[in-house]
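Novice: just a sequence and a predicted model for now, questions to come.
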Amino acid sequence: MTSADSSSAFGVYVHWPFCLSKCPYCDFNSHVRHAPIDEERFARAFAREIETTAARTPGREVSSIFLGGGTPSLMQPRTVGAILDAIGKHWRVASDVEITLEANPTSVEATRFRGFRAAGVNRVSLGVQALDDASLKALGRLHTAQEALDAVAIARSSFDRYSFDLIYARPDQTPQMWADELKLAISEAAEHLSLYQLTIEEGTPFFGLHAAGKLKTPDEATARVLYDVTQEVCAQQGLPSYEISNHARIGAECRHNLVYWRGQEYAGVGPGAHGRLDIDGVRHAIATEKRPEAWLMRVEASGHGVTIDDLLNSEERADEFLLMGLRLAEGIDPQRYRELAGRPLDPGRIAVLREEGAIVVDASGRLRVTQAGFPVLDAVVADLAA
C-alpha cells in the first residue's frame, strides 16, 4: 500500500445517477428513466460543476478519479471523455492517476469497454454480485453468471486493472457454497474484490419482503461464519482484506477508496455526490442535490448543485477519521487523531479493547482493529470515540 500518511492524495468522485432498473436491495441515489438521457446536457453540467469546485480548491493534483453511480457504464464513452477532459482542464492530474469506472457486467456494456479505455479510464469495477443464476435473479440483476464471467474476460483484455463486487450472506447460502463461489471469483479476479454482506436497507423492496417473512437471510451466527470463510479463503489465495469489505493483492488496493478511508480530500461532482474539501484550513462536508433533473437545473443556473456545505469542527473531523480509518487493516495513527481532536484517545478504553482482543497497537504506535474485532467494528469505534 502507498504511504498511509501521504496527505497530498486528492480524489474526484463523479456520480452518474441512472440505472436500467432498480435492484431490490439498493438504497443508493439511482434513478430509472424511460426516456433517453440527454447526455450532452449532463456532460456540460458536470464540466460546469467541476469548474466551480476547482475554483474553490486551486493547486490540487488529482491522484484518483472514480465514476460511480447508478450505472456509469450506461454512458457513451464520449460522455466519459468529456468529464475527464473537464477534470484535466481545471486541475492538475497526476501522471499515474487511477481512473475507475463502475460497470454492469452485461454484454451490451462490455462492448463499450474499449471506448472507455480510449477515453482515459484505466480501471473498472464490475457489479457482478453473484456467480449463480438463481441468486442473480433473486437480487434483481439483469445478467447471468456466464454473461458476468464473459464481461470479466473483456475487462481483462481492455484494462490492466479491474475489480468486481460480490454480495454474500444471501438467502439459503451455506458456508461451503460461498467458499466455492469465492474460489471461482478469485480465479477470475486477478487483483481486487469487494465483498459485501447483504444488508436489508429501509426503503428498499427487500426491506418489505424481509419484514413480511418472505425473504430469509442467514442468522447472525451463520453470517459470522460466512465472514470468517471470506477472510480465510481470500487470505489463502493471496487477496487479504485491506479494508473490512475489500480484498487485494499487495499494491493493488483501490487508491480512490483509500482517499476516503484515510480521511484525505475529495471533490464530489454530480447528483447526490458527497465531498470533503479543506478550504482555508477548515474541512467542508459537501453534498449536492440528489434528484438528477433538479441538480441539472441548479448547475445551469448557478454553476453547482451543492445543497449542503457544512463546516466540520475538530471533534467531528476526528470522529470521522476514526470511523473511516479503523475500517482499514493498516489502522490509524493515534497522533493524527490527537492533532485533529485536540485531545488523545482515552488510554483506559484502549487498554480494555486490547485486553478483549478487539484492537492491537503495533510497534510503530499504529492502532489497528483485529480480525476478531472487525465483526463488531461499530462497537469498537463507538467505544473509542466516546
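Specialist: Perfect, thanks for sending it.
Novice: from here on, contacts and neighbour counts on C-alpha atoms
Specialist: Fine.
Novice: can you give me the helices in the stretch 201-350 of the chain?
Specialist: Assigned by DSSP state H, counting those that start in this stretch, the stretch 201-350 of the chain shows helices spanning 205-211, 220-236, 255-261, 292-302, 314-325, 334-341, 347-355.
Novice: and what of the stretch 51-200 of the chain?
Specialist: Using DSSP H, counting those that start in this stretch, helices in the stretch 51-200 of the chain cover 77-90, 107-110, 113-119, 133-138, 145-158, 175-189.
Novice: lowest average pLDDT across these?
Specialist: Ranked by mean pLDDT, the helices of the stretch 51-200 of the chain bottom out at helix 107-110, with a mean of 78.
Novice: mind giving me the packing neighbours of that helix?
Specialist: Judged by 3 or more Cα pairs under 8 Å, 6 or more residues apart in numbering; DSSP states H and E, the packing partners of helix 107-110 are helix 145-158.
Novice: contact partners of the helix it packs on?
Specialist: Under the criterion Cα atoms under 8 Å, 6 or more residues apart in numbering, residues 105-107, 110, 113-114, 117, 124, 126, 128, 130-133, 136, 162, 188-189 lie in contact with helix 145-158.
Novice: the top strand by length along the chain pairs with which strands?
Specialist: In the chain, taking DSSP state E as the definition, the longest strand is strand 92-103. If you go by DSSP bridges, strand 92-103 pairs up with strand 61-69 (parallel), strand 123-129 (parallel).
Novice: ok, the residue lying closest to Arg161 once chain neighbours are set aside - contacts?
Specialist: Nearest non-adjacent residue to Arg161, counting by Cα to Cα, 6 or more residues apart in numbering: Arg123, 4.8 Å away. Contact analysis of Arg123 by Cα under 8 Å, 6+ apart lists Glu98, Ile99, Thr100, Leu101, Phe159, Asp160, Arg161, Tyr162, Ser163.
Novice: kindly state the pLDDT recorded for Arg123?
Specialist: Confidence at Arg123, expressed as pLDDT, is 97.
Novice: how far away is it from Leu311?
Specialist: According to Cα to Cα, to the nearest Å, Arg123 stands 33 Å off from Leu311.
Novice: Gly81 contacts Arg117, doesn't it?
Specialist: No: with contacts counted by Cα atoms under 8 Å, Gly81 stays clear of Arg117, the gap being 9.6 Å.
Novice: can you pull the contacts of Tyr168?
Specialist: So Tyr168 contacts Ala130, Trp178, Leu195, Tyr196, Gln197, Leu198, Leu226 (Cα under 8 Å, 6+ apart).
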